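A.B. asks: Just a sequence and a predicted model for now, questions to come.
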Amino acid sequence: MSRARDHGQSTVELAIVLPVVVVLLLLVVQFALVIRDQVLVVHAAREAARSASVAATDDRSEAARRGGTGAGPLDPDRLRVTEAVLPGNQRVRVRIDYVSRTDLPLVGALLPDVDLSSDATMRLESDQ
């Protein structure tokens with residue numbers, strides 16, 4: 001007779017647990033999106049350093065900016081490129097700073113935007 005009283009119990013349990021599971025899955029997806037942006041920032045820093053290392057002296061900053069913004073699907077409005085020639089004029093260092101937005105539904109409003117950055121250094125190929 002106890003089976004009759006348990007009718008619908010699994011539906012109630014699912015209704016209680018499902019929102020928690022959905023929020024956890026969305027948090028995992030948001031975390032994966034931030035990790036993807038970090039990988040893209042590292043790639044953008046390498047591309048910006050490569051572009052700056054082969055550019056002429058007076059065009060180095062612009063070449064680094066073009067290399068960083070053209071390296072992937074990062075939003076150029078949230079991307080900052082900083083280029084500097086290291087002492088000795090043998091290497092150039094480029095730093096990429098990027099703000100990864102956490103705008104996924106439900107969990108995006110709970111999490112702050114993430115500041116990502118990466119540095120890359122390459123030997124100067126052009127000393128013009």
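C.D. replies: Looks like it came in fine. Numbers count the residues shown, from 1 in each chain.
A.B. asks: So which residues of this protein form helices?
C.D. replies: 2-5, 9-54, 60-69 (DSSP state H).
A.B. asks: quick one: low-confidence parts of this structure?
C.D. replies: 1-4, 126-128 (pLDDT under 70).
A.B. asks: that older thread, of all the helices of the chain, which lies closest to residue 80?
C.D. replies: helix 60-69 (8.8 Å; Cβ to Cβ). In this view, the C-beta of every residue, glycine as well, is placed from N, C-alpha and C.
A.B. asks: okay if I get the helices of the chain as CSV plus mean neighbour count and distance to residue 98?
C.D. replies: As requested, the helices of the chain are exported to CSV (neighbours: other Cβ atoms under 10 Å; distance: least, Cβ to Cβ, whole Å):
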stretch, mean neighbour count, distance to residue 98
helix 2-5, 6, 57
helix 9-54, 15, 5
helix 60-69, 22, 9
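A.B. asks: Turn these into a markdown table, columns for distance to residue 84.
C.D. replies: Formatted as a markdown table, the helices of the chain follow (distance: least, Cβ to Cβ, whole Å):
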| stretch | distance to residue 84 |
| --- | --- |
| helix 2-5 | 73 |
| helix 9-54 | 9 |
| helix 60-69 | 9 |
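A.B. asks: what's the closest of those to residue 91?
C.D. replies: Per Cβ to Cβ, nearest to residue 91 of the helices of the chain: helix 9-54, 8.0 Å.
A.B. asks: How far away from the center of its chain is that closest one?
C.D. replies: 9 Å (Cα atoms, centre = their mean, to the nearest Å).
A.B. asks: Mind giving me the packing neighbours of that helix?
C.D. replies: Other helices and strands packing on helix 9-54, by 3 or more Cβ pairs under 8 Å, 6 or more residues apart in numbering; DSSP states H and E, are helix 60-69, strand 79-85, strand 91-100, strand 114-123.
A.B. asks: redo that, cut-off 7 Å
C.D. replies: Judged by 3 or more Cβ pairs under 7 Å, 6 or more residues apart in numbering; DSSP states H and E, helix 9-54 is in contact with helix 60-69, strand 91-100, strand 114-123.
A.B. asks: Okay then, goodbye and thanks.
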